[in-house]
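> pasted the sequence and its predicted model underneath.
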Amino acid sequence: MDTGNVSAIISAAAGISGVLLGNSFTAIKDWVIHRSKRQKDTAYLAIIVVSHLDRFATGCLHVALDDGTRYDGRPAGRNEEENVPTVKPPEFQPLDLNVEWKVLPQNLMYAILLLPNKREQIQSRLAGLSDFDEDYPEHSDYFWARRRDYSELGLEASDLARRLRKHAGIPVKEPKAGAWSRDQEFRDVIVRIDDERKEAERRIAEYR
């Protein structure tokens with residue numbers, strides 16, 4: 001092979017290498033920019049959605065603590081004769097939020113977007129209970145179901161907020177030992193309602 005051919009081959013190889021190297025730099029640059037944008041979108045989404053999830057969970061707690069009576073223990077209905085809800089169920093409309101949902105893992109995104117459906121399912125069940133409720137004026141079965149279902153929904157919303165914080169690298173603040181905890185309040189409500197139901201079933205069994 002003569003000197004001219006060698007020079008041509010070297011020049012061609014250098015040119016190809018230059019093109020490949022240039023493309024590699026471009027690809028790396030695009031990846032860095034995309035990664036940076038994705039991180040920013042994830043952080044922004046987490047801040048916005050976590051605040052809405054926390055607000056929704058707190059609203060669920062208000063429902064979970066609502067037994068149909070006023071602050072003094074008297075029935076909240078007209079003329080203080082009947083237990084009626086004193087707070088409205090909270091709403092959570094994630095698709096109204098201006099965030100980039102695609103940055104989330106599929107399972108986390110799906111669980112968050114499914115919360116409104118679970119709320120509607122609860123409301124449908126409660127509507128059915130209300131239509132066939134003969135337990136006037138306490139409406140015990142209705143309020144047991146309402147309080148317990150919203151306790152479970154609130155716990156789920158709280159857990160999703162915690163998972164979202166961890167995914168986005170936002171610090172998760174856990175309550176100190178002995179301090180009041182919203183999640184523990186939910187769990188306490190569930191335990192109390194289950195105990196009340198068992199006691200009511202025991203009394204009915206004895207009566208029969």
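Everything's here; your move.
> so where's this structure uncertain?
Within the chain, the set of residues satisfying pLDDT under 70 comprises 1-35.
> distance of the residue positioned nearest the centre of it from R55?
Nearest to the geometric centre of the chain sits A157, at 3.1 Å (Cα atoms, centre = their mean). A157 sits 9 Å away from R55, taking Cβ to Cβ, to the nearest Å as the criterion. Every C-beta, even on glycine, is put in place using the N, C-alpha and C of the backbone.
> also A111?
Shown here: A111 relative to R55, a distance of 18 Å by Cβ to Cβ.
> more neighbours: which of the two?
Looking at A111 and R55 with other Cβ atoms under 10 Å, you find the greater number of neighbours at A111, namely 18 against 15.
> how far does whichever strand or helix holds the more buried one sit from its chain's centre?
Assigned by DSSP states H and E, A111 belongs to helix 106-113. Relative to the centre of its chain, helix 106-113 is centred 9 Å away, using Cα atoms, centre = their mean, to the nearest Å.
> just stretch 146-166 next, same as before
6 Å.
> need the contact partners of that stretch.
Among residues not part of stretch 146-166, those counted as contacts by Cβ atoms under 8 Å, 6 or more residues apart in numbering are 46, 49-50, 53-54, 56-58, 60-61, 63-67, 85, 89, 92, 104, 108, 111-112, 115, 118-119, 122, 125-126, 170-172, 182-183, 186-187, 189-190, 193-194.
> so which bits of that stretch are buried?
Buried residues in stretch 146-166, counting neighbours by 16 or more other Cβ atoms under 10 Å, are found at 146-158, 160-165.
> equivalent analysis for stretch 108-115, please.
Along stretch 108-115, these residues count as buried under the neighbour rule (16+ other Cβ under 10 Å): M109, A111, I112, L115.
> what's the end-to-end length of stretch 170-182?
19 Å (Cα to Cα, to the nearest Å).
> right, I'll leave it there.
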